[in-house]
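S.K.: mind looking at a prediction? Sequence and model below.
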Amino acid sequence: METGHEIIIKGIVQGVGFRPLVYQLAKKLNLKGSVQNNQQGVVIQVQGDKNKAQQLISQILNNPPPNSIISSVETFPLTNMSFQDFSISHSQETGHATTLILSDLATCQACTAELFDNKNRRYLYPFINCTHCGPRFSIVKDLPYDRKKTSMAGFKMCSLCLSEYQNPLDRRFHAQPNCCPQCGPQVSLLCQKGSLIAEKTLAFEHAATFLKAGKIIAIKGIGGFHLICDATNSDSINRLRQLKKRTRKPLALMCLDLNQAKSLCDINPIEQNYLISAAAPIVLCSKKMDCPLPNNLAPLNPDLGIMLAYSPLHLVLLKQFQGPIVATSGNLSDEPICIEFTEAIDHLSTIADYFLTHNRPIVRPLEDSVVKVIYKRPQFLRLARGYAPFFMKQDQLTPKKTLAMGGDLKSAYALQINSTVLMSQYLGDLSHTKTLELFEDEIQKTLKLYQSPLDNVISDLHPNYVSHQEAFRFKVPTHLVQHHLAHLLSVVAEHELKGKVLGFIFDGTGMGIDNSIWGGEFLQVDLDKRHVFRFGHLLPFRLIGNNRASTEGKLPALGLLHSALKRQFISSSAYAQKLADLNVTVNETRLINSEGLMTSSVGRLFDGLAAIMRVCEKSQFEGDAAMQLEFLSNSNFSNTKYQVDLIKSGHTTLLDPIPMIASVIKDLNANIGVENCSIAFHQWLIEAISLIAQQSTMQQIVLSGGCFQNRILLEGSINRLNQAKLRPFWAQQLPPNDQGLGLGQIMGQEFTFKDLPCV
């Protein structure tokens, strides 16, 4: 007997070939009906045998289109059926949008083969794409995902492209960016002043020649401009560093293919899978001992950040050039990445000698994602192109629409739409005006896509955070969530933890509930009662210089040294000698008695210790000092050991860093190498985590915050906790740094801090 069903499929189901798959399956099963996109996802109406309708659903669920993510399937009875065949209907634009947008995808193998086939009509065409690859998030203006609502709307398809687009059996059926050399965007090469040099294929030939001559080129890709140069040319790299004012921070590489990448780095199978994935992120890989690239590419760093050419434009250029290139963000220091030529000319003409650009508009900027493999699992340092927007289902959330503002330094907002949380791409440092403008613009674009009004907004506690101040502009109820609790709950949400957990949250700074600066927190959480107890923390030391302390390591060092002197762990002569070594001024020594700010920050502990050891006295970028200590500790073996001193104060456990600092100074004076001291410091912190965790009686241990981007610290902590028969959890799908705060803020809006432990 024939029956009718309406099937609504939600998730990442638009722009991935869902409708052609449904069409083909329905035709094989002799079902009549239709499939269409709407604001919520994909809607299928079928008429036919009930068992065959169930087969259709089963086959979709068992073998969905590549790159799709199905979050829910709902089935309803359908009456008044009058279908003669099965068809693909036009998109429906009614109701509030809830469908999820797919991230931009690297060029698939089929398109790559066509790109380099001189008999194909898209030979060397840098905008080749199909249903399985190409831009998505960077070109979407509105939902549902149709060409007229993307930045491809201005390019009318030629008859050949239109026939592919309309053919359900074609790989390019309803591929919204579908185009060819006759009807699609085009590439141009321009000089520093904007005058045209060459177009189309000739532009790539000239660009490759200029790269070989040592020139710097600004190239417009999928999510914005890169600044590129020859990665084998030390002089070009130095010039790029000087002009971009990027003294020591590692520069990313782009390789033509996996073989080229393997000639430079030792790449394990997990790293390889990420390199060749559709997301194509930058992957941190260990440099080969005989790596031929110059040291100024990533000074002092044993790793290289490598990505494979992920767009046809990059593929054509690198095929022409043959060697690896530096590919760093096309922006001035700390500003958003440039996305349009006029903007690039204004901002990058003092750096780039030439501009390789195109006329397809970019709707939203996207940096490259960055991932490294730790403990055989991914750890994201930056979540952007290929992964953003990132969606996470959280069924325990109260259904509503909530905006979380995230943090300031690595800004990214989060939007809760009922039980789904959307995490934005990395946006940058909100202390910069242009980044703040981008932040505001991206939020408005997202709210426009998902049109229902906000129920509330959540921000960090810190009143001086720009994101905190921005939260109150929405004129809806605003909730505040403590910084380190948000870090912890981000990991809790990712791993769907229940019951009680103890979190070690180590970062630079975050305001505590007592208005002091936290950053080395042991938080005990009852997830059922939504209670939080500050089980313990790093024993606070004086924070001198406020914001300067994050870049000038001598300032946190001075606070640590003063505590060591005051508590008689070091002599006045040793204190004076260290101040002289650090070039501490008279005015700075006076600050130690006049400034009352205290901090429990592990991030500042790393900075201060690196300065005391003369490893890094002034950071060139965030995490610089900590990274150098990490790299010194790569051997991970030292006979030097530092005692862990724990102080019990009521219900609170304090980790005292001052005896360890005194031991480091003693070892340095005894000419114990800085490598041994650094390894011993990492081992001290790892052992402290283990001892405190065992004291807590908690089995589930969360490790989060920017300090856990340190491979030595994270892997060592995981191993030590496993040895103690505890269960460690850490950020894997979202960065442990402040980019992951938004999810934790959404999860933490009903949590309260308590004075008594969660037992």
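M.R.: Thanks, I have it.

S.K.: give me the local confidence score for Thr545.
M.R.: That one is not Thr; residue 545 is Gly. Looking at Gly545, its pLDDT reads 80.

S.K.: residue contacts, the residue lying closest to it once chain neighbours are set aside?
M.R.: In space, Gly545 comes closest to Leu555 once its chain neighbours are excluded; the distance is 4.0 Å by CB to CB, 6 or more residues apart in numbering. Every C-beta, even on glycine, is put in place using the N, C-alpha and C of the backbone. Contact analysis of Leu555 by CB atoms under 8 Å, 6 or more residues apart in numbering lists 543-545, 548-549, 588, 608.

S.K.: wait, a helix at Leu555?
M.R.: Yes: the assignment for Leu555 (DSSP: H, G, I helix; E, B strand; the rest coil) places it in a helix.

S.K.: please enumerate the strands of the stretch 201-350 of the chain.
M.R.: Ranges of strands within the stretch 201-350 of the chain are 217-220, 225-230, 253-255, 265-266, 282-287, 303-308, 325-329, based on DSSP state E, counting those that start in this stretch.

S.K.: in CSV: those, plus mean pLDDT and distance to Ser516.
M.R.: Supplementary listing: the strands of the stretch 201-350 of the chain in CSV, determined by pLDDT from 0 to 100; distance: least, CB to CB, whole Å:
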stretch, mean pLDDT, distance to Ser516
strand 217-220, 98, 45
strand 225-230, 98, 41
strand 253-255, 98, 42
strand 265-266, 97, 43
strand 282-287, 97, 34
strand 303-308, 98, 35
strand 325-329, 97, 35
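
S.K.: same list (these) but as a markdown table, adding distance to Gly134 and mean neighbour count.
M.R.: Listed next are the strands of the stretch 201-350 of the chain as a markdown table, based on distance: least, CB to CB, whole Å; neighbours: other CB atoms under 10 Å:
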| stretch | distance to Gly134 | mean neighbour count |
| --- | --- | --- |
| strand 217-220 | 15 | 25 |
| strand 225-230 | 18 | 25 |
| strand 253-255 | 18 | 26 |
| strand 265-266 | 28 | 18 |
| strand 282-287 | 20 | 23 |
| strand 303-308 | 16 | 24 |
| strand 325-329 | 19 | 25 |
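
S.K.: let me know which of these is the nearest to His682.
M.R.: strand 303-308 (17.2 Å; CB to CB).

S.K.: give me the residue ranges of the stretch 51-200 of the chain where confidence is low.
M.R.: Along the stretch 51-200 of the chain, segments meeting pLDDT under 70 span 93-99.

S.K.: ok so, going back, can I get the contacts of Leu555 in JSON lines including secondary structure, distance to Thr201 and neighbour count?
M.R.: Shown next, in JSON lines, are these (DSSP: H, G, I helix; E, B strand; the rest coil; distance: CB to CB, whole Å; neighbours: other CB atoms under 10 Å):
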{"residue": "Leu543", "secondary structure": "coil", "distance to Thr201": "58", "neighbour count": "25"}
{"residue": "Ile544", "secondary structure": "coil", "distance to Thr201": "59", "neighbour count": "26"}
{"residue": "Gly545", "secondary structure": "coil", "distance to Thr201": "55", "neighbour count": "18"}
{"residue": "Arg548", "secondary structure": "helix", "distance to Thr201": "52", "neighbour count": "12"}
{"residue": "Ala549", "secondary structure": "helix", "distance to Thr201": "53", "neighbour count": "27"}
{"residue": "Glu588", "secondary structure": "helix", "distance to Thr201": "60", "neighbour count": "18"}
{"residue": "Gly608", "secondary structure": "helix", "distance to Thr201": "55", "neighbour count": "28"}
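
S.K.: any chance of the residues you listed in JSON lines, plus distance to Val481?
M.R.: As requested, those are exported to JSON lines (distance: CB to CB, whole Å):
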{"residue": "Leu543", "distance to Val481": "23"}
{"residue": "Ile544", "distance to Val481": "29"}
{"residue": "Gly545", "distance to Val481": "28"}
{"residue": "Arg548", "distance to Val481": "28"}
{"residue": "Ala549", "distance to Val481": "25"}
{"residue": "Glu588", "distance to Val481": "35"}
{"residue": "Gly608", "distance to Val481": "28"}
